[in-house]
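**Student:** generate coordinates for the sequence data below:
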Amino acid sequence: MTETPLTLPKIGEGDRNLALINYALLFASLFFLGIPGLIAVIIAYSQRDAVTGVLRRHYDGQIGIFWVAFALGIVGIITGVWAGLMGVSQLIHFGLDHLDAWEGLAYDDSDVRIDGGLVALMVITGVSWLLMAAWLLFAPAIGFIRLATERRIGDGAA
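**Tutor:** Have a look, this model is predicted:
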């Protein structure tokens with residue numbers, strides 16, 4: 001039996017189902033703080049040596065999906081914490097500059113300034129989280145569909 005470039009040879013139903021569940025776990029990790037994704041990558045690492053080359057490519061793809069999402073999440077966390085610390089620092093600085101010993105805090109909103117660095121960090125945080133969300137919505141869905149329709153991962157469209 002010859003194999004066409006876009007279809008899988010018949011593989012065990014249990015192996016295929018486990019790989020499909022892994023795609024579902026990667027998808028669900030978006031909604032459950034990444035915990036299902038961690039489970040999926042552990043399964044993918046443990047199963048990829050035990051399956052045929054074609055199914056191994058799906059497991060390798062799942063591992064890649066996890067690590068890209070992980071990297072985007074780390075960027076979002078680091079820049080988000082950094083932006084939060086900058087914002088708190090600016091609020092403290094604003095409060096100390098406008099503290100009147102006799103009257104308390106003398107608030108004049110014309111003195112409020114938002115630093116460009118803070119805005120840039122907030123934008124980077126938002127973009128990285130949006131990219132991670134899009135990645136975890138579409139990449140596992142495409143892999144799931146390709147495996148369910150017995151197509152290889154990474155062989156292009158169609």
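
**Student:** just the CA atoms of stretch 141-154, as CSV, please.
**Tutor:** Extracted in CSV, the C-alpha atoms of stretch 141-154 (Å, rounded to 0.1, in the frame of the first residue of the first chain):
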residue,chain,number,x,y,z
ALA,A,141,-8.0,23.3,16.0
ILE,A,142,-6.1,23.0,12.7
GLY,A,143,-4.0,20.1,14.0
PHE,A,144,-7.2,18.4,15.3
ILE,A,145,-9.0,18.8,12.0
ARG,A,146,-5.9,17.5,10.1
LEU,A,147,-5.6,14.4,12.3
ALA,A,148,-9.3,13.7,12.3
THR,A,149,-9.4,13.8,8.5
GLU,A,150,-6.2,11.7,8.4
ARG,A,151,-4.0,14.4,7.0
ARG,A,152,-0.4,15.1,8.0
ILE,A,153,0.6,18.1,10.0
GLY,A,154,2.9,20.5,8.4
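
**Student:** for that stretch, which positions count as buried?
**Tutor:** 142, 143, 144, 146, 147, 151, 152, 153 (16 or more other CB atoms under 10 Å). For glycine as for every other residue, the C-beta is placed from the backbone atoms N, C-alpha and C.

**Student:** please name the nearest non-neighbouring residue to the fourth one.
**Tutor:** This means residue 146. Nearest non-adjacent residue to residue 146, counting by CB to CB, 6 or more residues apart in numbering: residue 153, 5.5 Å away.

**Student:** now the most centrally placed residue in the chain: how far from residue 36?
**Tutor:** By CA atoms, centre = their mean, the mean C-alpha position of the chain lies nearest to residue 69, the distance being 2.8 Å. Taking CB to CB, to the nearest Å as the measure, residue 69 falls 11 Å from residue 36.

**Student:** what sits in contact with each of those two?
**Tutor:** Here residue 69 and residue 36 have 26, 29 as joint contacts, going by CB atoms under 8 Å, 6 or more residues apart in numbering.
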